[in-house]
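1. fold the stuff below for me.
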Amino acid sequence: MAGKARVVKHSEEMVSNELAAKIAALLDGLPYSVTIHLFTTKGRNDAFNDAAKDVISVFSQLSNKVKFEEHGLDDELARKWNIQRSPTILLEPENYRMRWLGAPAGQEAQAFLQAILLIGNRKGALSDQSLKVMKKLDAPRDVKVFVSVTCPYCPQQVVNAIRVAVEKPEMVSLEIIDMMANQDLAVQHRVQGVPQTFANGKLIASGAQPEELFVLSLQKMEQQTHFIPDVDAEVIEKDLVIVGGGPAGLTAGIYAARSGLNVCIVERGSLGGQVATTPIVENYTGFTMVGGKALVDLMVNHALQYVQIFQNEAIMDIQPGAMFTATTNRRRFLTKAILLATGATYHRLGVPGENRLSGLGVSYCSTCDGPLFKDRSVIVVGGGNSATTEALNLHNMGVKVTLVHRRNQLSAQQYLSKQISTLGIPVLWNTEVNEIRGEDRVKEVLLHNNKSGKDTVLNVDGVFIAIGYDPETELAKKTGVELTENGFIKHDSHHRTNVPGIYSAGDVEGGFKQIVTAAGQGAEAALSIFEDLINPYWKRQAPTAGERPIGSTLT
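-> Residues are numbered from 1 along each chain as shown. Modelled structure (predicted):
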């Protein structure tokens, strides 16, 4: 750790005056005060100690509802609450069994603020569906969530855990563990990716989850992938439901709302899609260089001025009719039209060891997991823009990175390729990964040179895979939407699919997979939907056949 600046920006830079005023108003409105105890000892994690103090000080200075007390590890309270690590943060420990091991800086600052607000209200603010599941908990749960300050997905999982710990303090204890400040605990739990969640010592979730899936995983004590809501879920009626909160979906929401449509965006995970995990964006018009997360924040804040966003909700089923019925893990939507802007997910190698060691050295996100491999050896698999960007990001983090590419030259943009060469990042040409090996974490990879036919074994600590993306078409296939030979959604020039009333935009359509093109496609689709809802094309195409219901397939 190269000083405090690597953990958190200076406190005065953390919040703007406008944002500080909004946070202060929220804190002042809390019905209960929140006492935060920080335990540190000099000479142990000093950068994290200072960063934790800075973050807590920011909130305590904004409102007298936040009380801040500092203690040493030799303090009587440290013995009372069995505090042995520096830094350790306790939040209202007389009422809640919740501790933060590390500094809630970077991406985690927003989750820390949520913790203060939830504790100050003495409510977990869980959805009705989650509360029903929580009633089924048959034994106490000791929850541990491993995070890093650079992970954009971690705050979502942390807030899930905080909600249940606040809602059921008699049943749920919680430790939020910063991997960089507590590397021994990460090794002990065999964690090499974040976020990862344990309950009573058992891994119950890898990655971020919608709230209901988190609670169900906690109750079932194993990761859950489906949540079926009760039939009495809330019903919301819209002109347009946009599925996906990436650049395409966010832009479509703005254009649709400005056209006069009653529209909402439903996003099952983190807003921004792949952009949120992109370290630096250098080719988006108007920005010579901008962090991916910063660009996403700008897009989301803009969209929120026009459109309602339902985050952490997964649409599981769409039924046709006079209006579409879209069922999520929380509610049902009745809508005249649906825009599928579901994007794409990381493409997998499909080699032995990849799935088994995912999160144990196998990663698809250098922003999330890169800091865990500082001064260690990893490979990045791929040769396009994504792979070269990942390699450059890891190199800048102090990771010993080698690029592995199956061809004899990179397909990335010339600027990125030149940086790889200039920085002296090794490239293994004409090389493929045939197996990822290791018992409880990545130890080595079996490489095959497709030119010489020779196999070699390379010792590595991590494998970062960046070989493209697979379109998210599961929902499209369920609704009868036709796909192309390459597996993307088939559409016309107006972004219409073969199912009247269902449209597509962004990476799920294929094409260049650039932020700017996704945003443009979202705008085009929104304008097409507005025009079609005024004068439905499915009626114009079959005037003699009577009204064709929305959701029926064109022949």
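
2. hang on, S259 packs against S528?
-> No - judged on C-beta atoms under 8 Å, S259 makes no contact with S528 at a distance of 10.4 Å. Using the backbone N, CA and C atoms, a C-beta is placed for each residue, glycine as well.

3. the two: which is more packed in?
-> S528 (20 against 17; other C-beta atoms under 10 Å).

4. report the contact partners of the more buried one.
-> By C-beta atoms under 8 Å, 6 or more residues apart in numbering, S528 lies in contact with 494-496, 503.

5. quick one: those residues as a markdown table, columns for distance to L304, secondary structure and neighbour count too.
-> As requested, the contacts of S528 are exported to a markdown table (distance: C-beta to C-beta, whole Å; DSSP: H, G, I helix; E, B strand; the rest coil; neighbours: other C-beta atoms under 10 Å):
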| residue | distance to L304 | secondary structure | neighbour count |
| --- | --- | --- | --- |
| H494 | 27 | coil | 14 |
| H495 | 24 | coil | 26 |
| R496 | 28 | strand | 21 |
| Y503 | 22 | strand | 29 |
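
6. need those residues in TSV with pLDDT and distance to K454, can you?
-> As requested, the contacts of S528 are exported to TSV (pLDDT from 0 to 100; distance: C-beta to C-beta, whole Å):
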residue	pLDDT	distance to K454
H494	96	52
H495	97	48
R496	97	51
Y503	98	50
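
7. and V381, how many neighbours?
-> V381 has 23 neighbouring residues, counting by other C-beta under 10 Å.

8. any idea what it is bridged to?
-> V404, I465 (DSSP bridges).

9. report pLDDT for it.
-> At V381, the model reports a pLDDT of 98.

10. check the one 10 residues further on too.
-> Each residue has a pLDDT score; the one for A391 is 96.

11. extract the C-alpha set from the helix or strand where A52 lies and format it as PDB.
-> Here A52 sits within helix 46-62, counting by DSSP states H and E. Extracted in PDB, the C-alpha atoms of helix 46-62 (Å, rounded to 0.1, in the frame of the first residue of the first chain):
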ATOM      1  CA  ASP A  46      -1.600   2.700   9.100                       C
ATOM      2  CA  ALA A  47      -2.900   3.700   5.700                       C
ATOM      3  CA  PHE A  48      -6.200   1.900   6.300                       C
ATOM      4  CA  ASN A  49      -6.400   3.300   9.900                       C
ATOM      5  CA  ASP A  50      -6.000   6.900   8.600                       C
ATOM      6  CA  ALA A  51      -8.400   6.300   5.700                       C
ATOM      7  CA  ALA A  52     -11.100   4.900   8.100                       C
ATOM      8  CA  LYS A  53     -10.700   7.900  10.300                       C
ATOM      9  CA  ASP A  54     -11.100  10.300   7.400                       C
ATOM     10  CA  VAL A  55     -14.200   8.600   6.100                       C
ATOM     11  CA  ILE A  56     -15.900   8.500   9.500                       C
ATOM     12  CA  SER A  57     -14.900  12.100  10.200                       C
ATOM     13  CA  VAL A  58     -16.600  13.300   7.100                       C
ATOM     14  CA  PHE A  59     -20.000  11.900   8.200                       C
ATOM     15  CA  SER A  60     -19.600  12.900  11.800                       C
ATOM     16  CA  GLN A  61     -18.700  16.500  10.800                       C
ATOM     17  CA  LEU A  62     -21.900  16.700   8.700                       C
END
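
12. ok, back up a step: ok, of the contacts of S528, which one's closest to I280?
-> Nearest to I280, judged by C-beta to C-beta, of those is H495 at 29.7 Å.

13. pretty sure that closest one contacts A525?
-> Yes - using C-beta under 8 Å, H495 makes contact with A525 at a distance of 3.9 Å.

14. overlap in contacts of these two?
-> Residues touching both H495 and A525 (C-beta under 8 Å, 6+ apart) are 339, 503-505.

15. which of those residues has the largest number of neighbours?
-> Of these, with other C-beta under 10 Å as the count, A505 tops at 34 neighbours.

16. how about the shared contacts of H495 and A525 in JSON lines, adding distance to A186 and secondary structure?
-> Listed next are those as JSON lines, based on distance: C-beta to C-beta, whole Å; DSSP: H, G, I helix; E, B strand; the rest coil:
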{"residue": "L339", "distance to A186": "40", "secondary structure": "strand"}
{"residue": "Y503", "distance to A186": "44", "secondary structure": "strand"}
{"residue": "S504", "distance to A186": "40", "secondary structure": "strand"}
{"residue": "A505", "distance to A186": "39", "secondary structure": "coil"}
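
17. want to throw these into TSV with distance to K53?
-> Below are the shared contacts of H495 and A525 laid out as TSV (distance: C-beta to C-beta, whole Å):
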residue	distance to K53
L339	46
Y503	51
S504	49
A505	46
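
18. and of those residues, the nearest to A294?
-> Distances from A294 to the shared contacts of H495 and A525, taken by C-beta to C-beta, are shortest for A505, at 23.1 Å.

19. and W100, its phi and psi?
-> Dihedral pair for W100: phi -120, psi 120, per degrees, to the nearest 10.

20. ditto for Y32
-> With angles defined as degrees, to the nearest 10, Y32 sits at phi -130, psi 150.

21. who touches it in this structure?
-> Applying C-beta under 8 Å, 6+ apart, we find Y32 in contact with 65, 119-122.

22. shaky segments in the stretch 101-250 of the chain?
-> 226, 228-233 (pLDDT under 70).

23. try it again at 50.
-> Within the stretch 101-250 of the chain, the ranges that satisfy pLDDT under 50 run 231.

24. and the strands in it?
-> Using DSSP state E, counting those that start in this stretch, the strands of the stretch 101-250 of the chain run over 141-147, 172-178, 196-199, 202-206, 234-243.

25. let me have these in CSV, extended by distance to A78 and mean neighbour count.
-> Formatted as CSV, those follow (distance: least, C-beta to C-beta, whole Å; neighbours: other C-beta atoms under 10 Å):
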stretch, distance to A78, mean neighbour count
strand 141-147, 20, 23
strand 172-178, 16, 23
strand 196-199, 24, 23
strand 202-206, 29, 18
strand 234-243, 46, 21
